[in-house]
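[1] Sharing a model prediction with you, sequence too.
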Amino acid sequence: MANTPQAKKRIRRNDRRAEVNTARMSRIRSFIKKVETAIAGGDKTAAAEALKEAQPELMRGVARGVVHKNTAARKMSRLSKRVASL
């Protein structure tokens, strides 16, 4: 167990950060899921619109350090490729 004041503070801070980051990742996943359901439904305009909404969310995740830059780029690339093939 942490025995210094600084270590105790770090534990508190890490718990708060983990909560915020979990919420951010959940939000990003929700936006991605909207795109995937539109793709599954075969609706190209809805999928393109959902993709346009998901892109800034992913980039915000990158800026906040929740998602790695290359991971976000890969996800966007694969989603846009799937939307284009509809």
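    Ah, there it is.

[2] tell me the centre residue of the chain?
    By CA atoms, centre = their mean, the chain has its centre lying nearest to Ile28, at 3.0 Å.

[3] contacting residues for it?
    By CB atoms under 8 Å, 6 or more residues apart in numbering, the residues touching Ile28 are Ala54, Glu57, Leu58, Gly61, Val66, Val67. For every residue, glycine as well, the C-beta is placed using N, CA and C.

[4] Apart from its chain neighbours, what residue comes closest to Val67?
    Spatial nearest neighbour of Val67, chain neighbours left out: Gly61 (3.9 Å); criterion: CB to CB, 6 or more residues apart in numbering.

[5] and the helix or strand the one you found falls within, which residues are buried?
    Assessed by DSSP states H and E, Gly61 sits inside helix 44-64. Under the neighbour-count criterion of 16 or more other CB atoms under 10 Å, helix 44-64 has Ala46, Ala47, Ala48, Ala50, Leu51, Ala54, Gln55, Glu57, Leu58, Gly61, Val62 buried.

[6] Now for these: which two are most distant?
    Ala46 and Val62 (25.0 Å; CB to CB).

[7] re earlier: from the chain's centre, how far out is the helix holding Gly61? Work that out for me.
    With CA atoms, centre = their mean, to the nearest Å as the basis, helix 44-64 stands 9 Å off its chain's centre.

[8] Tell me the helix or strand right after that helix.
    helix 69-84.

[9] Can you mark which positions in that next one are buried?
    Along helix 69-84, these residues count as buried under the neighbour rule (16+ other CB under 10 Å): Ala72, Lys75, Met76, Leu79, Ser80, Val83.

[10] Quick check, the third one in contact with Lys52.
    No - taking CB atoms under 8 Å as the definition, Met76 is not a contact partner of Lys52, at 10.9 Å.
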